[in-house]
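A.B. asks: Build me a structure from this.
(2 chains)
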2 protein chains.
Amino acid sequence: MRESYHDELEATTNDVVTMAQLVRTAVAEATSSLIDADLARAEKVISDDARVDDLHDGVELRCFNLLARQAPVAGELRTVIAVLRMCYELSRMGDLAVHVAETARLRFPEHAVPDPVAEQFSEMARLADAMIATATRTLIDRDAEDAERLASDDSAVDDLRREQFRLLLGDDWTYGVEKAVDTALLGRYYERIADHAVAIGSRVIYIVSGEAPEGENWPKAF
Amino acid sequence: MRESYHDELEATTNDVVTMAQLVRTAVAEATSSLIDADLARAEKVISDDARVDDLHDGVELRCFNLLARQAPVAGELRTVIAVLRMCYELSRMGDLAVHVAETARLRFPEHAVPDPVAEQFSEMARLADAMIATATRTLIDRDAEDAERLASDDSAVDDLRREQFRLLLGDDWTYGVEKAVDTALLGRYYERIADHAVAIGSRVIYIVSGEAPEGENWPKAF
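C.D. replies: Predicted coordinates for the structure are as follows:
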């Protein structure tokens, strides 16, 4: 019974890793659809999100069954609680990638964002992708040290967003209100994707140490 | 032992209800600070959010202890899992109220939003407040029927947001790019607050029935 329990916990973690891979693809493809005004690609991101949602539901069901049948304690209980939160964070990241793709679709055949901010979104997407990859690896390796570094990666995304605000609120902005509003909202979506990656890192720290980094919404110790 | 267990589960639910009350105050006060350009009020919303975060941490700790010591099953396990999610939803709502207050603070002594959209934000805040009140009541009464109605309340908030987009992207918008961007982002915050209230309703349905309404990111049955 214990053997199958560990298998089940590992399978659950593997599902979270699969979700993270799907979300990385979604963010990359949504960004391409935005920058290239590629309708087919945008549509695919939107329809593929159902797979992320299905995995979310599956992970929750596995967690429920683990708690009901195995009554884990200590580190294993922390893992189940962390995984419950992580699958939600990942499903939200998937939703945010969908919002990016929906913006591309809404403005098609026009490009939703002008060139100067398009470059920033490429960079934000690249940073977010690296953060999700790091978050996933730290989960697999139980690497609290690298998980802690995600917070500083996040500040690079925030810096880009601040730069973007300076651009669109500056006197040189000649692209009108609609493109400014789209840019501001898209910036918010990328910022939130990065925030969720940091939050996953926090759960890894919690699994490893039972403690959360300061300032995180997480019980300090058990 | 069972007696203290039920007391503990009830105390945990009570903490969620307290969080909801604090969040209702935060949304109402943040909206006032936005509409009246009231700096002191904005500052208070921002500093008071620490109480919501503390309650979030406390609820998680209580849930962990309940799971570790009591190994609940069936409806009681569903309640603990739902409460874990609800406290996160509420802490996010608190953060979003803080974002509204931060916008008021950033633009002070100016009003961040012009009169026509200020009225819409008042109405969005009123709707959100009613939704949080409903979500809380359905949790206390385990009322799945009213919890289901939250989704239709949410569509009224979405309608207001669509109306707002028509305003700020229309030819009559004379308030410039900055106010358009602020309005679009603030609209997003209110929309998300309402979404979180719907999500709490979904967890109530889950506690009562073990099933989620169709289309929700929640396991269909246990």
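
A.B. asks: mind checking the SS state of residue A:113?
C.D. replies: Look at residue A:113: counting by DSSP: H, G, I helix; E, B strand; the rest coil, its state is coil.

A.B. asks: what about the closest residue to it other than its chain neighbours, which helix or strand?
C.D. replies: Closest residue in space to residue A:113, ignoring its immediate chain neighbours: residue A:183 at 5.5 Å, by CB to CB, 6 or more residues apart in numbering or on different chains. C-beta coordinates here come from the backbone N, C-alpha and C atoms, glycine included. Secondary structure from DSSP states H and E places residue A:183 in helix A:176-209.

A.B. asks: For that helix, name the packing helices and strands.
C.D. replies: Applying 3 or more CB pairs under 8 Å, 6 or more residues apart in numbering or on different chains; DSSP states H and E, we find helix A:176-209 packed against helix A:2-36, helix A:74-107, helix A:115-141, helix A:144-169, helix B:144-169, helix B:176-209.

A.B. asks: What is the subsequent helix or strand relative to the first one?
C.D. replies: Toward the C-terminal end, the helix or strand that comes next after helix A:2-36 (DSSP H and E) is helix A:39-70.

A.B. asks: Tell me the residues of chain A that contact chain B?
C.D. replies: Chain A has residues A:53, A:56-58, A:60-61, A:63-65, A:67-68, A:71, A:73-74, A:77-78, A:81, A:84-85, A:88, A:91, A:165, A:168-169, A:173, A:177-178, A:180-181, A:184-185, A:188, A:217-220, A:222 near chain B, with proximity defined as CB under 8 Å from any CB of the partner chain.

A.B. asks: Just the buried ones out of the residues you listed, please.
C.D. replies: A:53, A:56-58, A:60-61, A:63-64, A:67-68, A:71, A:77-78, A:81, A:84-85, A:88, A:91, A:165, A:168, A:173, A:177-178, A:180-181, A:184-185, A:188, A:217-219, A:222 (16 or more other CB atoms under 10 Å in any protein chain shown).

A.B. asks: Show me where chain A dips below the pLDDT cut-off.
C.D. replies: Where chain A drops to pLDDT under 70, the residues are A:1-3, A:212-222.

A.B. asks: residue of it with the smallest distance to chain B?
C.D. replies: residue A:71 (3.6 Å; CB to the nearest CB).

A.B. asks: Determine the number of other residues adjacent to residue A:155.
C.D. replies: Around residue A:155 sit 11 other residues, with neighbours defined as other CB atoms under 10 Å in any protein chain shown.

A.B. asks: likewise residue A:13?
C.D. replies: Neighbours of residue A:13 (other CB under 10 Å): 20.

A.B. asks: thought it was touching residue A:79?
C.D. replies: Yes. At 7.4 Å, residue A:13 and residue A:79 qualify as touching, with contact defined as CB atoms under 8 Å.

A.B. asks: Endpoints of stretch A:136-154, how far apart?
C.D. replies: End-to-end distance for stretch A:136-154, by CA to CA, to the nearest Å: 15 Å.

A.B. asks: Flag every buried residue along that stretch.
C.D. replies: A:136, A:138, A:139, A:143, A:144, A:147, A:148, A:150, A:153, A:154.

A.B. asks: How about stretch A:159-175?
C.D. replies: Applying 16+ other CB under 10 Å to stretch A:159-175 flags A:160, A:161, A:164, A:165, A:167, A:168, A:173, A:175 as buried.

A.B. asks: my guess is the second one meets residue A:187, correct?
C.D. replies: Yes. Applying CB under 8 Å as the test, residue A:161 and residue A:187 come out as touching, 4.7 Å apart.

A.B. asks: Next, show the common contact partners of the two.
C.D. replies: Taking CB atoms under 8 Å, 6 or more residues apart in numbering or on different chains as the contact rule, the neighbours common to residue A:161 and residue A:187 are residue A:124.

A.B. asks: and residue A:11, what is it in contact with?
C.D. replies: Contacts of residue A:11 by CB under 8 Å, 6+ apart are residue A:62.

A.B. asks: Residue A:83 versus that one, what's the distance?
C.D. replies: 11 Å (CB to CB, to the nearest Å).

A.B. asks: Could you do residue A:165 as well?
C.D. replies: Counting by CB to CB - residue A:165 and residue A:83 are separated by 36 Å.

A.B. asks: Over to residue A:38?
C.D. replies: Counting by CB to CB, the gap from residue A:38 to residue A:83 is 34 Å.
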